[in-house]
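Colleague: no letters, just coordinates:
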């Protein structure tokens, strides 16, 4: 089984990163294959709601570094989203 951890915080070794790491460590002790990505290391554009992904082969028309992450997500059996919470809501990077 493959477990992919996606860390959305810019702070490596911060609370979000440490929590994702603890979860991945637990998966490794069970013999699962794990991988962790820091999303701030990638240039990812915002969704423009063009809805191209809803047609045909479900491919995003935005060509950014998210294209490197999609295959890893498709291959994963479990995806862990580590998202920091600022003032009670998820914050989008602009």
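Modeller: All right, it came through fine. Nothing here was measured: the structure is a model prediction, and the numbers come from that model.

Colleague: now do the SS call for the residue of the chain positioned farthest from its centre.
Modeller: Of all residues in the chain, residue 56 has its C-alpha farthest from the mean position, at 24.1 Å, by CA atoms, centre = their mean. Taken by DSSP: H, G, I helix; E, B strand; the rest coil, the conformation at residue 56 corresponds to coil.

Colleague: look up phi and psi at it.
Modeller: The phi/psi pair for residue 56 (degrees, to the nearest 10) reads phi 50, psi -110.

Colleague: that one and residue 66: what is the separation?
Modeller: 19 Å (CB to CB, to the nearest Å). Heads up, the C-betas are built off the backbone N, CA and C, glycines and all.

Colleague: so where's the longest helix in this structure?
Modeller: Secondary structure of the chain per DSSP state H: the longest helix is helix 15-29.

Colleague: list the contacts for residue 24?
Modeller: Shown in contact with residue 24 (CB atoms under 8 Å, 6 or more residues apart in numbering): 3, 5, 34, 36, 80.

Colleague: mind putting those residues in a markdown table, secondary structure and neighbour count included?
Modeller: Below are those laid out as a markdown table (DSSP: H, G, I helix; E, B strand; the rest coil; neighbours: other CB atoms under 10 Å):
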| residue | secondary structure | neighbour count |
| --- | --- | --- |
| 3 | strand | 20 |
| 5 | strand | 22 |
| 34 | strand | 20 |
| 36 | strand | 16 |
| 80 | strand | 17 |
